[in-house]
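K.L.:
Quick one, structure for this:
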Amino acid sequence: MRIFFVLFLLFSPAFAQELSPLDIARKTIAAAGGESWRRPATLQLSGTATLYFGDRAYRMTEYKMWRVFPAENDSAHTANGKIRFDAREADGKTFLQLIFDGQNVSEIFSDVARQNEQFLRLSNNFGFSIFRFIENPDFKTARLPDDKIDGHPCYFIRLTDARKSDTIFAVDKKTYFIRYAAFQTPMGLQQRFYDDFKWAKGVKFIQPRSLRIYNNGSKTAEVFWSEYRVNEPIPDKIFEISK
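P.N.:
Predicted structure coming up:
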């Protein structure tokens, strides 16, 4: 009888609520690949995307990202490490190019993209990677009410970084994959929904291949990553900024 009572407690909803934010975070990191996911050196993504501005949709037949991760990070929404995004339409024309070389930012926009550049700037799109540093002693975490993302029951966590910026994460209760991130930008609330999780080849690293981005409740981007490479060298010239 006593054994039955203990098992009941372990698997009851009340007991599940006792998981702390850091308990959930540690399970999330382990589920995503452990240290390989927590501290990757580089990440390269390639796929397609559709960008939405008002009632217009702009399809990118080539959408690429190169990322060199920082060794430390105390701010979720500040550019760090190195990063580059390229988006091209079917005719091969550049829709946008965003580069941060570790010190300077370069932004190239088509006429349409420039009309909406406030949503596209790199400074308004950092936030997800701060989860990797969630155990930083200068950070604060809190459990929020549980909810569902795309029908998946999730734990919700608020992470406050050393600069007092908040990011909300939703972690799938079954897989412990991150399904959602949300944070304030100068343009309002940005929400990111992740799905279609796949393992990278040759390294323990889970990658969501589907990403939907909403700004102030309106969808502004849908990305489908078809290729991804982890910890492969990225030439410095990738991040060279034209003078």
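K.L.:
how far out from the middle of the chain is stretch 99-110?
P.N.:
Between the centre of stretch 99-110 and the centre of its host chain there is 19 Å, according to Cα atoms, centre = their mean, to the nearest Å.
K.L.:
average model confidence for that stretch?
P.N.:
pLDDT averaged over stretch 99-110 equals 91, rounded to a whole number.
K.L.:
Now that stretch - C-alpha only, CSV.
P.N.:
As requested, the backbone C-alpha atoms of stretch 99-110 are provided in CSV (Å, rounded to 0.1, in the frame of the first residue of the first chain):
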residue,chain,number,x,y,z
ILE,A,99,25.5,40.4,-40.7
PHE,A,100,27.0,40.9,-37.2
ASP,A,101,30.8,40.3,-37.3
GLY,A,102,31.3,40.4,-33.6
GLN,A,103,31.5,44.2,-33.4
ASN,A,104,29.6,45.8,-36.3
VAL,A,105,26.2,45.3,-37.9
SER,A,106,25.5,45.4,-41.7
GLU,A,107,22.0,45.4,-43.0
ILE,A,108,21.0,45.3,-46.7
PHE,A,109,17.4,45.5,-47.6
SER,A,110,15.4,45.4,-50.8
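K.L.:
what's in contact with stretch 215-226?
P.N.:
Outside stretch 215-226, the residues within contact range by Cβ atoms under 8 Å, 6 or more residues apart in numbering are 45-53, 63, 119, 185, 187-191, 207-214. Quick note: C-beta positions are derived from backbone N, CA and C, even for glycine.
K.L.:
quick one, strands of the protein?
P.N.:
Taking DSSP state E, the strands of the chain run over residues 42-53, 56-68, 82-88, 94-100, 105-109, 140-149, 152-160, 166-172, 178-185, 188-199, 206-215, 218-230.
K.L.:
still on that earlier bit, from the contacts of stretch 215-226, list the buried ones, please.
P.N.:
Applying a neighbour-count criterion of 16 or more other Cβ atoms under 10 Å, the buried members of those are 45, 47, 49-53, 63, 119, 185, 190-191, 207-209, 211-214.
K.L.:
one step back: which of the strands of the chain has the lowest mean pLDDT?
P.N.:
strand 105-109 (a mean of 90).
K.L.:
That one - contacts with which helices or strands?
P.N.:
Other helices and strands packing on strand 105-109, by 3 or more Cβ pairs under 8 Å, 6 or more residues apart in numbering; DSSP states H and E, are strand 94-100, helix 117-120.
K.L.:
Switch those over to CSV; also include distance to residue 233.
P.N.:
Conversion of those to CSV gives the following (distance: least, Cβ to Cβ, whole Å):
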stretch, distance to residue 233
strand 94-100, 18
helix 117-120, 28
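K.L.:
deepest of these, which one?
P.N.:
With neighbours defined by mean count of other Cβ atoms under 10 Å, none of the helices and strands packed on strand 105-109 is more surrounded on average than strand 94-100, at a mean of 21.
K.L.:
Pull up the pairing partners for that one, direction included.
P.N.:
According to DSSP bridges, strand 94-100 has the following sheet partners: strand 82-88 (antiparallel), strand 105-109 (antiparallel).
K.L.:
how about those, which one is nearest residue 239?
P.N.:
Comparison of the strands paired with strand 94-100 against residue 239 by Cβ to Cβ identifies strand 82-88 as nearest, at 4.9 Å.
K.L.:
May I have that closest one as CSV, with CA atoms only?
P.N.:
Provided in CSV are the C-alpha atoms of strand 82-88 (Å, rounded to 0.1, in the frame of the first residue of the first chain):
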residue,chain,number,x,y,z
LYS,A,82,28.8,36.2,-35.0
ILE,A,83,25.7,35.8,-37.2
ARG,A,84,24.6,36.2,-40.8
PHE,A,85,21.2,35.8,-42.6
ASP,A,86,20.7,35.8,-46.3
ALA,A,87,17.2,35.8,-48.0
ARG,A,88,16.8,35.6,-51.7
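K.L.:
which outside residues touch it?
P.N.:
The list of residues contacting strand 82-88 from outside it, by Cβ under 8 Å, 6+ apart, reads 49, 51, 60-68, 94-102, 122, 234, 238-239.
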